[in-house]
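>>> got a structure for you, letters missing:
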C-alpha cells in the first residue's frame, strides 16, 4: 500500500488456494522482508481459507520479522480493499478491455508486461505525487538515507 507497487501476483487455470501461496512467495522474494508484515485479503475462498492462514503462519520463522495476523475485509465490502480494487480497475480499463488473448500464455505474458513494464515502473499515481510506484520508492529510500546520514552527523 505504501507505494501502490504490485509485489506479488499469479495467474492459473483454477481458483485454488495455491494461488495465494504463489503470490505470497513472489511478494516475500521481491521485498526480502525484514520488518513487520500485514497480509490483507478479501474474504474470498482462496485468501480467507484456513489453508492460507496456516501457510502464512508456517512462513513466519523464515521471515525473521515481527508478524501481524492476516487482515481480512468484510464480505461484500470493496472499500476494505480499495487500493487493489483500484489496481484491478486500471488493469481492466488500460489493458484487458482492449485486448483479446488467443492463449493463456499470451494473457500471462501481457499481464506480466503491464505490471512489470508499465504499472510498477512508469504509471503515475496521485497518491504518490504523480510518481510511479518504483520512482516513489526510489525517492523515499534516498530520502531515508539522507535523513539517516543527517541524524548520524
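In hand now; what should we look at? Everything numeric here is computed off the predicted structure, so don't read it as measured data.

>>> C-alpha only now, for contacts and for neighbours.
Noted.

>>> What's the per-residue pLDDT of residue 96 here?
For residue 96, the model assigns a pLDDT of 94.

>>> Then the one 3 residues further on?
Confidence at residue 99, expressed as pLDDT, is 91.

>>> what's the neighbour count on it?
When neighbours are defined as other CA atoms under 10 Å, residue 99 has 11 of them.

>>> And it, how close does it get to residue 135?
Residue 99 sits 28 Å away from residue 135, going by CA to CA, to the nearest Å.

>>> helices and strands of this protein: which one bottoms out on pLDDT?
Lowest on mean pLDDT, DSSP states H and E among the helices and strands of the chain sits helix 50-63, with a mean of 55.

>>> how near is residue 106 to residue 84?
Computed as CA to CA, the residue 106 to residue 84 distance reads 23 Å.

>>> Strands of the protein, residue ranges please.
For the chain, the strands defined by DSSP state E occupy 40-41, 71-72.

>>> hang on, the earlier thing: residue 106 and residue 84: who's more crowded?
Taking other CA under 10 Å, residue 106 and residue 84 do not tie; residue 84 has more neighbours (17 against 12).

>>> count of residues packed around residue 24?
21.

>>> for the closest residue to it other than its chain neighbours, what are its contacts?
Nearest residue to residue 24, sequence neighbours excluded (CA to CA, 6 or more residues apart in numbering): residue 8, at 6.2 Å. With contacts defined as CA atoms under 8 Å, 6 or more residues apart in numbering, the neighbours of residue 8 are 22-27, 30.

>>> now residue 8: how far from residue 109?
15 Å.

>>> And for residue 28?
With distances taken as CA to CA, residue 28 is found 21 Å from residue 109.

>>> more crowded one of the two?
Here residue 28 and residue 109 are compared on neighbour count by other CA under 10 Å; more neighbours surround residue 28, at 17 against 10.

>>> Local confidence estimate at that one?
Looking at residue 28, its pLDDT is 78.

>>> low pLDDT regions in the protein?
By pLDDT under 70, the low-scoring segments of the chain are 33-80, 148-153.

>>> Show me where this protein has its helices.
Under the criterion DSSP state H, helices of the chain are mapped to 18-31, 50-63, 82-94, 104-114, 133-152.

>>> out of the ones you listed, deepest packed?
Mean neighbour counts were taken over the helices of the chain using mean count of other CA atoms under 10 Å, and the top value, a mean of 16, falls to helix 18-31.
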